[in-house]
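Colleague: Model the following, please.
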Amino acid sequence: MRKLISGWVIALSLGAGMVMAAGQSGAKEEAKKAGQAAKEAAKDAGDAAKHVGKATTKATKNGAKKVKRAITGKAGKAHATCVDGTRRTGKTKTAAAAKCAGHGGVARK
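Modeller: Down below sits the predicted model:
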């Protein structure tokens, strides 16, 4: 009887050891999956940051173009209307106004 009981104890302890080993390998697999998910989340966050940077760059460029056009005119040229009704262009407003000197000066609005 003693041999039978000790045989059962050994069998049960080996079985429990295998169950624990299986449980540990399952935990290892879950930890590995969690690590992969974290890695992909970090990659997605990096991609999102890259796209935000690109959008910011585009917005800055567009804003700079609008400011430039407001100062220099739409085609990169400034315009001045002379007293006699002619319209003169130049790179800057001052240059355009200087061309109105022979036409009575710049007309007031």
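Colleague: after the lowest-mean-pLDDT helix or strand in the chain, next one along is what?
Modeller: Counting by mean pLDDT, DSSP states H and E, the chain has its least confident helix or strand at helix 2-72, which shows a mean of 72. Next in sequence after helix 2-72, counting helices and strands by DSSP states H and E, comes strand 78-81.
Colleague: how's this protein carved up into domains?
Modeller: Under the assignment named as automatic domain parsing, the residue ranges that make up the domains of the chain are 1-72, 73-109.
Colleague: most tightly surrounded among the ones you listed?
Modeller: The highest mean neighbour count among those, using mean count of other CB atoms under 10 Å, belongs to domain 73-109: a mean of 14. No exception for glycine: its C-beta is placed from N, CA and C like everyone else's.
Colleague: pLDDT averaged over that domain - what is it?
Modeller: Taken as a whole, domain 73-109 has a mean pLDDT of 84.
Colleague: Lovely, talk soon.
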